[in-house]
Each structure stands twice: as structure tokens, then as C-alpha cells.
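A.B. asks: sequence first, predicted coordinates after that:
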Amino acid sequence: MRRFLAVLAGAVMAATVAVATPAAAQPHCDVPSPPPICDEPIEDPPPPEGSDKSPTGRVESYGYANGLFHMSGWARDVNGGPVTIWVNVDGPFVAAHTALHWHAGQGANVGFDITVPAPSTVGTHQVLVTLVNVPDGTQPAAPYSVLLNYLTYTVEPTAPTNLSLTPVVTNGQDAIVVGFTDLSTAEEGYSITYDWMARRMNDNGHWVLTPESRTVHVGPGAGTGWYSHTVTGLVSNTFYRFYVRTKENGRLSTPTTGGVSTLD
């Protein structure tokens, strides 16, 4: 009987221990319904990288003259070729060319030498140079086109020519008639700057020569051709240096210069 009771007590104790120490169980993934995601989400693998590559290149020289924009350089694509080059000027598309000339630096027929018509209006203009991809057929493909360069050029106003300076006396005052040939058809006017050495008395009571300068804005003239303006209120027997500029689209041309002395 004692042995039976001992066996029974051991069984009860084992059951108690088993209830008091639950085994490490999985979370209640079936509660509530629908159940939450118990495990970490599995991320999709990244898409395979295709072998298609974008073209590369370089604009090595460029410039503007007489309504034409010129540039040269090279462009190549490891997938094949020749590479097509798009040119846009101030926004609109103007031309497509291919890079198929021999280029010594690249050692291949990947060079380009392009001339396109370009605006001659005064101001700064933009030129976009784009390379078109040569696909190799794999996916994902490289972008259809890539920007190679964003270039700019600036057209300055045309300076006056044939400057003429004639000293005269007008209404008893010394003056100089400034004449020149206007070559611009869209000028806003002309800037006439003149300087001279003025004789003045300093604080010590001595006569000294000091530089003086003034600017007048005149015009514009109608069309092109000869234009003149009389600068008055000048000092007699004094040398004046003149700088005449065309003003167009907010810019000033390089100066046309000359000098003359007023009458005695």
C-alpha cells in the first residue's frame, strides 16, 4: 500500500510540474481570425540586373558664330552603335546626328562634329545635347536617352562703328557732336560716356586736375544707319574721351571709343 501511494504521489507531482512549466510554444497565430502574420515578412528578391548600359560621351569643344552653333566630341555605347545625338536649342528640337567619325583619343569611329542653326538674338541661349541609348535586348533596359551636356552661349549687342566727334559751339556753349553708324535693328538705345580732367581748387587753395565722368542715354534710332547726338555744357579747350555703346535686351555692347578737344 505504501508503495502504491508513493507511486501515485510521484505521478501527481510530475503532472504538476508539467502544468507549471509550459513548453515554449509558438505565438497564437490562429487568434484572432484572420490571424496576424507571426513570422517576419519575406522580401521579394531584387530584380536581376540587365546588361544594357547607357551611352557615354563628352563635348570637347563648342562655340557660336554668325547664327551657327558648332560642337565636337565623342559618344559611344558598349552595347553597339553608332550613338544618335539629339540637339535642342532654347527648348525646341533642331537636329539629330550620329557619332561615327574617327576619334583618335577613343581609337574608334565614335566622334562627332555638329553644326546647327542657332538664334542670333541678344542674350544667353541654351543648348541641350542628348545621347540615345542603343539597347542590347536585355531587361531591364537602360533609359532610352541620357543628357550629355547643358551648354550655353551669349550673343552681345553689336557695337556702333564709324565714330565721329565734332567740337562745336551751341548757344554760346562748347559742345561735341557725337555721330556713329548704328548696326542694330532691335536696340533699346545708346549709352554715351565721356570723361575729362577737370581743373578744380583743393582744400589747400591749390589748383589741381581731377578726373570727371558722365553718361547720357539716348535713342533708340529707327532701323540702322547714321545716328548723332550733341553733348552740351562742356568746358572749352578741354580734351574729352568718349565711349559709345549699344544697349539691347538689357545688355551693353563693347564700347566704340574716341577723343577730341573742345574749341578755345
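C.D. replies: Everything's here; your move.
A.B. asks: can you list the weak-confidence ranges in the chain?
C.D. replies: 1-42, 45-49 (pLDDT under 70).
A.B. asks: all helices for it, in order.
C.D. replies: In the chain, the helices defined using DSSP state H lie at 2-20.
A.B. asks: please, where are all the strands along the stretch 1-150 of the chain?
C.D. replies: 56-65, 68-76, 83-89, 93-99, 101-103, 108-117, 123-132, 145-155 (DSSP state E, counting those that start in this stretch).
A.B. asks: got the buried residues for the first one?
C.D. replies: Of the residues in strand 56-65, those scored as buried under the neighbour-count criterion (16 or more other CB atoms under 10 Å) are 57, 59, 62, 64. For glycine as for every other residue, the C-beta is placed from the backbone atoms N, C-alpha and C.
A.B. asks: tell me which residues are up against that strand.
C.D. replies: Residues from elsewhere that reach strand 56-65 (CB atoms under 8 Å, 6 or more residues apart in numbering): 69-77, 83, 85, 99, 110, 118, 125, 127, 129, 131, 148-149, 151, 153, 155.
A.B. asks: quick one: buried ones out of these?
C.D. replies: Buried, going by 16+ other CB under 10 Å: 69, 71-77, 83, 85, 99, 110, 118, 125, 127, 129, 131, 148, 151, 153, 155, out of the contacts of strand 56-65.
A.B. asks: quickly list what residue 190 is bridged to.
C.D. replies: Under DSSP bridges, the beta-bridge partners of residue 190 are residue 218, residue 246.
A.B. asks: tell me how many other residues crowd it.
C.D. replies: Using other CB atoms under 10 Å, the number of residues around residue 190 comes to 25.
A.B. asks: can you tell me how far the closest residue to residue 213 other than its chain neighbours sits from residue 230?
C.D. replies: In space, and not counting its chain neighbours, residue 213 is closest to residue 195: 4.0 Å by CB to CB, 6 or more residues apart in numbering. From residue 195 across to residue 230, the span is 18 Å (CB to CB, to the nearest Å).
A.B. asks: between those two, which one's more packed in?
C.D. replies: Neighbour totals were compared for residue 195 and residue 230, and residue 195 leads with 16 against 13 (other CB under 10 Å).
A.B. asks: can you tell me the closest non-neighbouring residue to residue 165?
C.D. replies: Counting by CB to CB, 6+ apart, residue 165 lies nearest to residue 260, which is 4.0 Å off, once chain neighbours are set aside.
A.B. asks: residues in contact with the residue nearest to residue 137 when sequence neighbours are not counted?
C.D. replies: Distance criterion CB to CB, 6+ apart; nearest residue to residue 137, sequence neighbours excluded, is residue 52 at 7.6 Å. When contacts are counted by CB under 8 Å, 6+ apart, residue 52 touches 79, 133, 135-142.
A.B. asks: now flag whichever of those residues is closest to residue 201.
C.D. replies: Among the contacts of residue 52, residue 133 lies closest to residue 201 (CB to CB), at 76.8 Å.
A.B. asks: the closest one contacts residue 143, doesn't it?
C.D. replies: Yes - using CB atoms under 8 Å, residue 133 makes contact with residue 143 at a distance of 6.4 Å.
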